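*Asks:* Predicted model and sequence follow; I will ask about them next.
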Amino acid sequence: MSLAKKILLSWAGILSLFALLALFFEHREFELHTVILIAVMALVGLISVATYVREEVPRNKAIFINFGVFFLFTLHSYLYPFWGKAIFSDSPFASVYFFQYGPNAASYFFMAFAILYVVIDTLFSKFRIYQKYLLTLVIVGGTFTYYYYPILSNPRYLYQTPDILDYKAVSSAIQDLERAGITKPSQEQIAESADLYAWNDGVQVGTLFIDKKIARVKEILPYLEGENYLVLIFKPLFTNVIYMNVLCIVFILLFFGYQYKNDPPQGAYIEKIIFSFLPYCSLEIVHFFGYIKSVEFAEYLQFHSIAVYLSLLNVLLLLVFFSLRLRFITSVTGNFYERELVSDPEHTSRWRDSIDSLIVRHFLNPKTLHGRFLAPRSAKTEA
């Protein structure tokens, strides 16, 4: 059986398993676009693991097993509709815990780790693999812990933020006024009745003046309608996701800055894989910023749908590059090139694939660039 068939059969088996779970166990409604996105990411993960198995260069094996872990971990999102239904049905916070620790915490930790490891591997190529892992863990783990510590230390932190406490205060004030016979209280009446405080880094530092209280009431009121409060609850979580993606973008730019300045030898398609994460992380920042600014939950859902489709396009691009990498290293030419890159990197030219040739043909002068497979790096400026 060919490698491609093994990967596709494994992929079909995983998806079939989740389909059977959905058939026999109680769950919330699945979103089709999210199901498709996770399925494609799982396929990328299987290809990455297959690449890891067939890689002969240890430093590259580490790169692709990291990506394999990240992409395959996204499969856990298929379990989210079951959480609080078939799984932990007696816990009212089960789905919230799953959402905050899984898709919005661990997933971005694994993504950042996979991306930053490639950058560390390039910047510190002389380091041993365990040293690269340790340095990556310090950077990613330190950043992750700094931003996620409140959630890690207190599972119900999202229900105890200043925004939610103010939400509860405004809601309670409205109920008190309604019991007193004021069915439609004004913002001024709510502000006078509500206990609203000034906050600094989550710490109560004083009471708001009446004009500030009115402004705060006006800000909170839209979240009292329907399920709009959910956007307010998850705001700190979405903010943390933005920070993790900013970290990735900073290191991706560092990677290409180092590539531009020093031009170190790099395995085929690895640069393109890292480059594809630049628009992916940028879109994630835009998406989650939009989530934070959404006041109505229905607006959040619409924005989420658009975000998923845009992310899907980016993941399809990653699927192409991961597939090309696997095909390359399983070919005789690719296997030879990768071994030459390890044994004699200073005299091995950069691999030019069909995408590079397309760019050279349409945007650059082909006469100034090499067309050979292998060439001395010192001869790069020759005609």
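*Replies:* Perfect, thanks for sending it. Source: prediction; values computed, not measured. Residues are numbered from 1 along each chain as shown.
*Asks:* for the record, mean pLDDT for the longest helix anywhere in the chain?
*Replies:* Taking DSSP state H as the criterion, the chain has its longest helix at helix 297-329. Across helix 297-329, pLDDT averages out at 89.
*Asks:* Relative to the whole chain's centre, how far out is that helix?
*Replies:* 11 Å (C-alpha atoms, centre = their mean, to the nearest Å).
*Asks:* which SS class is the closest residue to Leu177 other than its chain neighbours?
*Replies:* Nearest residue to Leu177, sequence neighbours excluded (C-beta to C-beta, 6 or more residues apart in numbering): Pro185, at 4.2 Å. Heads up, the C-betas are built off the backbone N, CA and C, glycines and all. Under the three-state scheme (DSSP: H, G, I helix; E, B strand; the rest coil), Pro185 adopts coil.
*Asks:* Would you mind measuring from Phe144 to Glu340?
*Replies:* Computed as C-beta to C-beta, to the nearest Å, the Phe144 to Glu340 distance reads 38 Å.
*Asks:* between the two, which one's more packed in?
*Replies:* Set side by side, Phe144 and Glu340 show more neighbours around Phe144, with 22 against 16, by other C-beta atoms under 10 Å.
*Asks:* ok so, going back, what is the rounded mean pLDDT of whatever helix or strand comes next after the longest helix of the chain?
*Replies:* Per DSSP states H and E, the first helix or strand lying C-terminal to helix 297-329 is helix 332-343. Here helix 332-343 scores 73 as its mean pLDDT.
*Asks:* ok, now stretch 74-83?
*Replies:* Mean pLDDT, computed over stretch 74-83, is 86.
*Asks:* Then stretch 202-209?
*Replies:* The average of the pLDDT scores along stretch 202-209 is 79.
*Asks:* Identify the residues contacting that stretch?
*Replies:* With contacts defined as C-beta atoms under 8 Å, 6 or more residues apart in numbering, stretch 202-209 is touched by Pro150, Thr161, Pro162, Asp195, Leu196, Tyr197, Ala198, Trp199, Arg216.
*Asks:* again with stretch 28-44
*Replies:* Applying C-beta under 8 Å, 6+ apart, the contact partners of stretch 28-44 are 7, 11, 14-15, 22, 67, 71-72, 74-75, 77-78, 81, 84-85, 305, 308-309, 311-312, 315-316, 318-319, 322.
*Asks:* which residues of the stretch 51-200 of the chain fall in helices?
*Replies:* 58-73, 94-101, 107-123, 129-153, 162-179, 187-193 (DSSP state H, counting those that start in this stretch).
*Asks:* wait, doesn't the residue nearest to Leu177 sit right on Glu178?
*Replies:* Yes: between Pro185 and Glu178 there is a contact under C-beta atoms under 8 Å: 7.4 Å.
*Asks:* okay, these two: which has more neighbours?
*Replies:* Pro185 (18 against 12).
*Asks:* Please report the distance of that one from Val217.
*Replies:* 10 Å.
*Asks:* and the end-to-end length of stretch 289-303?
*Replies:* For stretch 289-303, the first-to-last residue distance is 10 Å (C-alpha to C-alpha, to the nearest Å).
*Asks:* please begin residue numbering at 8 from this point
*Replies:* Sure thing, new numbering starts at 8, so read that last one as stretch 296-310.
*Asks:* Next, the buried residues of it.
*Replies:* For stretch 296-310, the buried set under the neighbour-count rule, 16 or more other C-beta atoms under 10 Å, comprises Gly297, Tyr298, Ile299, Ser301, Phe304, Tyr307, Phe310.
*Asks:* neighbours around the closest residue to the fifth one other than its chain neighbours, how many?
*Replies:* Across the structure, with C-beta to C-beta, 6+ apart as the measure, the residue nearest Phe304 apart from its sequence neighbours is Glu234 (4.2 Å). Glu234 is flanked by 12 other residues according to other C-beta under 10 Å.
*Asks:* Noted, bye for now.
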